[in-house]
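J.: Fold the following.
(chains A and B)
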Amino acid sequence: GAGVSQTPSNKVTEKGKYVELRCDPISGHTALYWYRQSLGQGPEFLIYFQGTGAADDSGLPNDRFFAVRPEGSVSTLKIQRTERGDSAVYLCASRTSGNTGELFFGEGSRLTVL
Amino acid sequence: QKEVEQNSGPLSVPEGAIASLNCTYSDRGSQSFFWYRQYSGKSPELIMFIYSNGDKEDGRFTAQLNKASQYVSLLIRDSQPSDSATYLCAVNMEYGNKLVFGAGTILRVKS
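T.: Here you go, the predicted structure:
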């Protein structure tokens, strides 16, 4: 597709369950970012991939959060033992490479933990 | 100190006025700066980017950068009701490619 695609668009789960959120970046974009956005806040950096490797995962809040990008394209954000505080919109974004250039965002995955 | 700071607002301006949005950042070595607009319930979209000190103009938008003061601003001339949104300042940290966003400033343009 032409843009960044995220699935699911909405996910409701129960506390303690495991969740996977998928991101399909723009074709050819080597840099992929995951952010989390709560109501009234700016996007909070979680992790950044350059190719297949996580170049910076300093924003992952704890070891319940993990992300992979095995082939350098699609990425999956995995959240174990979800907590109510994990409820937020999870945004994925991609750009060509480097530290310049526009970051293109997907429409986000809204996660609600009951 | 937060890495990127913005006044949350809301900033209210009348239609046709100039809206001035401000942002400060903590990493003195940062080299690239971005302004994103986010409508309610939507994802951020890029408005402007700036890399060099001074002003950069694009239509009704002007970005201003002062690296010595670690300050970035966005001016919107002839503000329109359709400009009402949250404006996010984003800064690329010096080391690596971590792009950090501020909390955003809510702008309301009253017709």
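J.: Only C-alpha atoms from now on, for both contacts and neighbour counts.
T.: OK.
J.: On the three-state scheme, the residue in chain B that chain A sits nearest to is what?
T.: Using C-alpha to the nearest C-alpha, the single residue of chain B nearest to chain A is residue B:103, 3.9 Å away. Following DSSP: H, G, I helix; E, B strand; the rest coil, residue B:103 is assigned to coil.
J.: does it really touch residue A:45, like I thought?
T.: No - between residue B:103 and residue A:45 there is no contact under C-alpha atoms under 8 Å: 11.8 Å.
J.: re earlier: report pLDDT for the residue of chain B closest to chain A.
T.: The model reports residue B:103 with a pLDDT of 95.
J.: What number of residues are in the vicinity of it?
T.: Residue B:103: 24 surrounding residues under other C-alpha atoms under 10 Å in any protein chain shown.
J.: contacting residues for it?
T.: Neighbour list for residue B:103: A:40-43, B:4-6, B:8, B:88 [criterion: C-alpha atoms under 8 Å, 6 or more residues apart in numbering or on different chains].
J.: what about stretch A:75-92, start to end distance?
T.: From its first residue to its last, stretch A:75-92 covers 9 Å (C-alpha to C-alpha, to the nearest Å).
J.: Revised request: answer the last question for stretch B:53-61.
T.: 16 Å.
J.: Residues touching it, excluding its own?
T.: So stretch B:53-61 is contacted by B:48, B:50, B:62-67, B:74-78 (C-alpha under 8 Å, 6+ apart).
J.: just stretch B:23-33 next, same as before
T.: A:99-100, B:1-7, B:49-52, B:67, B:70-73, B:89-94, B:102.
J.: Buried subset of those, written for PyMOL?
T.: Buried residues among those (16 or more other C-alpha atoms under 10 Å in any protein chain shown), as a PyMOL selection:
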select buried, (chain A and resi 99+100) or (chain B and resi 4+5+6+49+50+51+67+70+71+72+73+89+90+91+92+93+102)
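J.: just to revisit the earlier point, what about the contacts of stretch B:53-61, which are in helices?
T.: Among these, none falls in helices (DSSP state H).
J.: Just the buried ones among those residues, please.
T.: By 16+ other C-alpha under 10 Å, the contacts of stretch B:53-61 give B:48, B:50, B:62-65, B:67, B:74-77 as buried.
J.: quick one: which of these is nearest residue B:18?
T.: Proximity of those to residue B:18 (C-alpha to C-alpha) peaks at residue B:77, which lies at 4.5 Å.
J.: Phi and psi next, for residue A:20.
T.: phi -120, psi 130 (degrees, to the nearest 10).
J.: No further questions, thank you.
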